[in-house]
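Asks: Okay, here's the prediction I keep looking at, along with the sequence it came from:
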Amino acid sequence: MPVENLKDALSAAWRVRARCIDGRIDNGRSVGKCRYQAELNVETLVWTRGRNMLLTDLSARMMCPRCVNRRVSLILEPPPVAGRAAE
Ligand SMILES: [Zn+2]
């Protein structure tokens, strides 16, 4: 089943992680690369963005909280399958 918008992600219990792409952090003496990433709460995203928000549009509205970079990629992770112990 394709997961295209927030409603799909929520109903299929997918997890969404955001990752900063090539952000820059000025830590005083030098400038380092920011690779900050964090898991986003899908339900909160639905509350704030609406459930029909496309995931591709969502990534365009992201901003890294560490370095204010706007190039953020979203990583979608399918839910762990319960009871798949012996494989
Ligand atoms: Zn960043």
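Replies: Okay, I see it.

Asks: how far away is the closest residue to Arg35 other than its chain neighbours from the ion?
Replies: The shortest distance from Arg35 to any non-neighbouring residue, by CB to CB, 6 or more residues apart in numbering, is to Cys20 (6.1 Å). Quick note: C-beta positions are derived from backbone N, CA and C, even for glycine. The gap separating Cys20 from the ion is 3 Å, by CB to the ion, to the nearest Å.

Asks: Over to Ala9?
Replies: From Ala9 to the ion the distance is 23 Å (CB to the ion).

Asks: Any idea how far apart the tips of stretch 35-52 sit?
Replies: 28 Å (CA to CA, to the nearest Å).

Asks: what distance separates that stretch from the centre of its chain?
Replies: Centroid displacement of stretch 35-52 relative to its chain, using CA atoms, centre = their mean, to the nearest Å, is 7 Å.

Asks: Check which residues of it are buried.
Replies: Tyr36, Gln37, Leu40, Val42, Leu45, Val46, Arg51 (16 or more other CB atoms under 10 Å).

Asks: Can you give the contact residues for it?
Replies: 5-7, 9-10, 14-20, 23, 53, 58, 61, 64-67, 74-75 (CB atoms under 8 Å, 6 or more residues apart in numbering).

Asks: Give the ChimeraX command for selecting the buried subset of the residues you listed.
Replies: Buried subset of the contacts of stretch 35-52, written as a ChimeraX selection, criterion 16+ other CB under 10 Å:
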select :5,6,9,10,14,16,18,19,20,23,53,58,64,67,74
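
Asks: From the contacts of stretch 35-52, which land in strands?
Replies: Cross-referencing the contacts of stretch 35-52 against strands under DSSP state E gives Arg15, Val16, Arg17, Ala18, Arg19, Cys20, Gly23, Leu74, Ile75.

Asks: Cool, thanks, signing off.
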